[in-house]
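In: here is a sequence together with a model predicted from it:
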Amino acid sequence: MTTVQNLKTPNACNWCPGCGNFGIWTAVKEAAAKERWNNTNSVIVAGIGCHGHINNFIELSSFEGLHGRAIPVASAIKMVNHRLNVMVFTGDGDCLAEGGNHFMHAARRNQNLTVILHDNAIYGLTTGQTSPRSPHGFKSKSTPMGNLDEPINPLTLAISAGATFVARAYSGDIPRLTDLIIQANNHNGFSVLQILQPCVTFNKIYSHTFFQENTYHLPASYNPQDKTAAFAKTLEWGEKQIPVGVIYKEDRPSYEDQVPQIKAAPLISVAAKKRNINETLETFL
Ligand code: SF4
């Protein structure tokens, strides 16, 4: 049985006190306990960044990819065993800079993966450089005179690229975050959950107070299946104008639904029965 208690590992947590990663960590454990994720039915894949340490603090099967490569690693795992529940943990730099192209094309493919995007709008692990989510004018070690670039909007990008579940949460609201992680995970298709997460050490703009004061919850009357309305929601950002909740949801066959070779059984179970590589390849053609 999965409980929050037995998801703990012996590793000491090394995030800075107050870091938004703590909320995400707590919510993922709550979701895992509720949904009974364990080492045999789930895999978590992380990229490089402070977020990536989550692999060390949750007792689930895990893999830490190269910088920006968490999505292709997760994609390969899902491809060989689509019955596994595969989740990707990635930061805004990891996902949208080094891994930007992977993000876009995985969304297009609509593979049944859940992307948990830890968005603190800075490179924290490398001690505070401007990221693709840092606002225009943002001053850091890498842009001491102010950032000249505009930030990427990951949710607008996700919808336009083909993601079929797009949501946003704040790391400090654990009950709602837990619920959104579960909803994203239960969606059959490519799910993106952007989590607004303070980096208390290096980003003094996007603090807990900033997110608490400026986010609002989408009302029950909001229809996440209206794509035009969803695009408009993703563009909202400003004082008391940052929507959180399920922004877009679409029912479309996932990649796995469209591959007849895996209908009966996962590729890994077919390959395991074959004696040589040629025999295995013929099965898949
Ligand atoms: Fe969290 Fe920032 Fe510290 Fe990294 S540097 S652990 S993101 S507060």
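Out: All right, it came through fine.

In: and the helix or strand containing residue 23, what other elements does it pack with?
Out: Assigned by DSSP states H and E, residue 23 falls within helix 21-35. For helix 21-35, the contact count by 3 or more CB pairs under 8 Å, 6 or more residues apart in numbering; DSSP states H and E identifies helix 54-57, strand 114-119, helix 174-186 as packing neighbours. Backbone N, C-alpha and C define where each C-beta goes, glycine included.

In: so is that helix next to the ligand?
Out: Yes - Helix 21-35 is in contact with the ligand by CB under 6 Å from any ligand atom, via residue 21.

In: what does that helix rub up against?
Out: Here helix 21-35 makes contact (CB atoms under 8 Å, 6 or more residues apart in numbering) with 2-4, 7, 13, 15, 37-38, 42, 50-51, 53-54, 57-58, 60, 116, 118, 171-174, 177-178, 181-182, 185, 195, 197.

In: can you pull the residues of the stretch 1-150 of the chain lying near the ligand?
Out: 15, 16, 19, 21, 50, 120, 124.

In: ok, 8 Å please
Out: Taking CB under 8 Å from any ligand atom as the contact definition, the stretch 1-150 of the chain meets the ligand at 14-16, 18-21, 49-51, 53, 118, 120, 122, 124-125, 127-128.

In: with the stretch 151-285 of the chain instead?
Out: So the stretch 151-285 of the chain meets the ligand at 197, 198, 199, 200, 201, 202, 203 (CB under 8 Å from any ligand atom).

In: apply 5 Å and report the result again.
Out: Residues of the stretch 151-285 of the chain lying close to the ligand (CB under 5 Å from any ligand atom) are 199, 200, 201.

In: helix, strand or coil: sort out the last one for me.
Out: Three-state assignment for residue 201 (DSSP: H, G, I helix; E, B strand; the rest coil): coil.

In: before I go, just wanted to say thanks for your time.
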